[in-house]
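here is the input, now give the coordinates:
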Amino acid sequence: MLSQKRRWLILSVLGLFFFMVIVDGSIVAIAIPQIAQSLNAATGTTTLIISVYLITICATLLLFGQFGDQYGRVQIFEIGTFIFLVGSFLAGAGHTIEFVLGGRFVQGIGASMTMANSYAIVTDTFPAKQLGRAFGVESIFISLGALAGPGLGGLILGSFPWSYIFWINLPIGIICLIIEVLVFPKSIRHKEKGIDWYGAILLALAATCLYLLTTQLNTHIAYLAGLLILLGGFSWCFVKTEQKALRPLLNFTIFRNEMFRKSIIVVFLSFIVSYFFTILAPLYLQLVLNYSTQFSGILLMVAPVVSVFASPMAGYISDHYDQHVEMTIGMSILMMTQIGLLFLTGKSEPLYFIGLSAIMAVGTATFGTPNSVIIMQSVPEKLRGMAGSTNSLVREFGLVLGTTLSTIIFYRVLSIINHREIDTAIGVSKSSFLVAQRWTYAVGLLLLGMALLYIIYAIRKDFKHGKKRIR
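Down below sits the predicted model:
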C-alpha cells in the first residue's frame, strides 16, 4: 500500500514529465520563423519538425501500451524517459533539417513509451474516489504543456539559440528519471506473453503514409492519391488484423463500451482544433503584430497560467458533480473562444488576445478533466493500459491532423488570395494573413460544433434510456 505522500510525489513526476512531452509537441511552433531562417528552410517545411514527433508517437503508442501491460508500466516509463532525453539532445544539436528530424524521431519514441503508460500508472496509484483530483492535477501539467509550448519557447528564444528549446528538457528529465528509479513502485509483470508485431508494423506503415502526406501536400495529385490509397489500405489491414489477433495492440471490443467510445470521439475532435491555435497564434503575434519573440512568449503564457487555477477546480467539480454536464460546459466555452478567434484583426491588442487565451484555458480544463476520468473509469482494470494508450493515441493523432489540416487550409487560402503557390508566412501581407487565419479558425469552429452536438446527443440518449452517469 502506497502512502498518500508517495502517491502525490509519483503523480507530480508523471505530470512534470507529461508536461515536457506535451510541450515538445508545440514548443517548436514559435521557433518556426527562426529555425527556418537558421536552417535555410521554408516555414511550411519547418512545420515537419512538429509532425514527425507527433506521428512517431501515433505509430508506437499502442505497441508501448502493450509492452507496459506485459513487462511492467513503470519499467517502460523509465526506459522511455531515458530515450526521450537522448532525442532531446540530438534534436538540439542538429545543423540540418534532416538531423533535427532524426532527433525528433528518437524523442517521439521516448515520449510514446511514457505517454502510453502514464494514465494507467495514475489509475493504478490512486483509489477511485481520488481519481478526479488526481487527473485534475495531471491535467494541470497536460494543459500547461499543450498551451505553454509556444510561450515557453518564446521566453527561451529571447535569451538563447533555438537549440535550447530542446536542451531545456535535459536537467528536468534527469531529475525525473532519478525520482522514478528511487520512488516509483516495482513493475508488475503479467504471465501472458506475446506482442502483436504484425499489427505494430501495419500501424507504423499507416503512420509513415500519413507523414509522407504531410510532406508532399504540394506535389502531383496522382502521388497524393496513391498515398491516400496506401494509408487506407494499411489502416484497413490493421483493423482486420487486430480483430483476429490473440493479443491485439488495440482490442476493438473496447469501443463497444458506449461511454468510452463517446468520450474518445469528442476528445479527438477537440485536439484537432487545439493545434489550429498552436500553429497560428505564434505567427499572428510575430508576423501580424510584429511583437518580439520574447513578448510573444509572454502573451502565450497567459493560457497555461490560468490553467494552473482552472484544472484543480475542474477536478474538484468532476469528483462531486455530473461529469457529462461539466464536459458540455467546457466544450461550449471552447466554441465561444473559437468564435472570438475569427475576429482577430490586429486591433485592441494585446488585451483581446489575452482575454481569449484565458477563456480558452478555462474551457480546456472544464472539458478535459472529466473526459479523462470517464475514459479511464469506463473500462475494467485489465484494459486500463490499453484505454490509456488509446486515449493518448487519439490525442496525438488529433494533434497530427490539427497540424496538417491547419497548415493545408492556411497556406492554400494564402495561395488563392495571392494567385501563386505560397509555403511560407514570412513576407505575406497582413490582410491576406488574416483572411487565411479566419478561414482556418472557421473550420475549427465547425469541428467543435460537431463535438458539442455529439455530447448533447449522447447525454439525451443516456437520459432517455435511464443510464447511470459516472460521478
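
show me where pLDDT drops low in the stretch 1-150 of the chain?
1-2, 42-45, 131-132, 135-136, 139-140, 143-144, 146-147 (pLDDT under 70).

ok, now with 90
By pLDDT under 90, the low-scoring segments of the stretch 1-150 of the chain are 1-75, 92-101, 115-150.

which residue ranges of it form helices?
Listed in chain order, the helices found in the stretch 1-150 of the chain under DSSP state H, counting those that start in this stretch are 4-26, 28-38, 43-46, 48-71, 73-93, 97-125, 131-157.

and those helices: which comes nearest residue 211?
Between residue 211 and those, the shortest gap by C-beta to C-beta is with helix 48-71, which sits at 4.6 Å. Heads up, the C-betas are built off the backbone N, CA and C, glycines and all.

quick one: list the elements packing against that closest one.
Using 3 or more C-beta pairs under 8 Å, 6 or more residues apart in numbering; DSSP states H and E as the contact criterion, the secondary-structure elements in contact with helix 48-71 are helix 4-26, helix 28-38, helix 73-93, helix 97-125, helix 197-215, helix 384-418.

let's have these in TSV, adding mean neighbour count and distance to residue 434.
Formatted as TSV, the entries for those read as follows, by neighbours: other C-beta atoms under 10 Å; distance: least, C-beta to C-beta, whole Å:
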stretch	mean neighbour count	distance to residue 434
helix 4-26	21	22
helix 28-38	22	18
helix 73-93	21	32
helix 97-125	24	29
helix 197-215	20	25
helix 384-418	23	10
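
returning to what we had before: distance to residue 458 for the helices of the stretch 1-150 of the chain - can I get that in CSV?
Shown next, in CSV, are those (distance: least, C-beta to C-beta, whole Å):
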stretch, distance to residue 458
helix 4-26, 27
helix 28-38, 32
helix 43-46, 38
helix 48-71, 25
helix 73-93, 30
helix 97-125, 22
helix 131-157, 20
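
closest one to residue 233 among those helices?
Short answer: helix 48-71, nearest of the helices of the stretch 1-150 of the chain by C-beta to C-beta, at 16.1 Å.

which residue ranges make up each domain of the protein?
Here the domain parsing of the chain from automatic domain parsing is 4-185+247-464, 196-246.

residue 387: which of the helices of the stretch 1-150 of the chain is closest?
Each of the helices of the stretch 1-150 of the chain has some distance to residue 387 by C-beta to C-beta; the shortest is helix 97-125, at 7.3 Å.

from the contact counts, what lies against that closest one?
Using 3+ C-beta pairs under 8 Å, 6+ apart as the contact definition, the elements that helix 97-125 packs against are helix 4-26, helix 48-71, helix 73-93, helix 131-157, helix 351-377, helix 384-418.

so how far is that helix off the chain centroid?
Using C-alpha atoms, centre = their mean, to the nearest Å, we find the averaged C-alpha position of helix 97-125 to lie 11 Å away from the chain's own average C-alpha position.

tell me the angle of it relative to helix 4-26?
Compare the direction of helix 97-125 with that of helix 4-26 by axes from the mean of the first three to the mean of the last three C-alpha atoms, to 10 degrees and you get 150 degrees.

how much does helix 97-125 deviate in direction from helix 197-215?
Relative orientation of helix 97-125 versus helix 197-215 (the same axes, to 10 degrees): 130 degrees.

of the helices and strands packed on helix 97-125, which is nearest residue 41?
Relative to residue 41, the nearest member of the helices and strands packed on helix 97-125 by C-beta to C-beta is helix 48-71, separated by 8.9 Å.

just give me how far that closest one sits from the chain centre.
12 Å.

one more: stretch 86-97?
Going by C-alpha atoms, centre = their mean, the spacing between the C-alpha centre of stretch 86-97 and its chain's C-alpha centre is 21 Å.

same thing with stretch 200-219?
Averaged C-alpha coordinates place stretch 200-219 at 18 Å from its chain's average position (C-alpha atoms, centre = their mean).

now do stretch 6-22
Relative to its parent chain, stretch 6-22 has a centroid offset of 16 Å by C-alpha atoms, centre = their mean.

of the helices of the stretch 1-150 of the chain, which is nearest residue 448?
The closest of these to residue 448 is helix 131-157. By C-beta to C-beta, the value is 15.5 Å.

elements contacting the helix or strand following the closest one?
Toward the C-terminal end, the helix or strand that comes next after helix 131-157 (DSSP states H and E) is helix 164-167. Using 3+ C-beta pairs under 8 Å, 6+ apart as the contact test, the elements touching helix 164-167 are helix 73-93, helix 131-157.

before we move on, back to that, can you put the helices and strands packed on helix 48-71 in a markdown table and add distance to residue 316?
As requested, the helices and strands packed on helix 48-71 are exported to a markdown table (distance: least, C-beta to C-beta, whole Å):
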| stretch | distance to residue 316 |
| --- | --- |
| helix 4-26 | 16 |
| helix 28-38 | 31 |
| helix 73-93 | 27 |
| helix 97-125 | 17 |
| helix 197-215 | 38 |
| helix 384-418 | 22 |
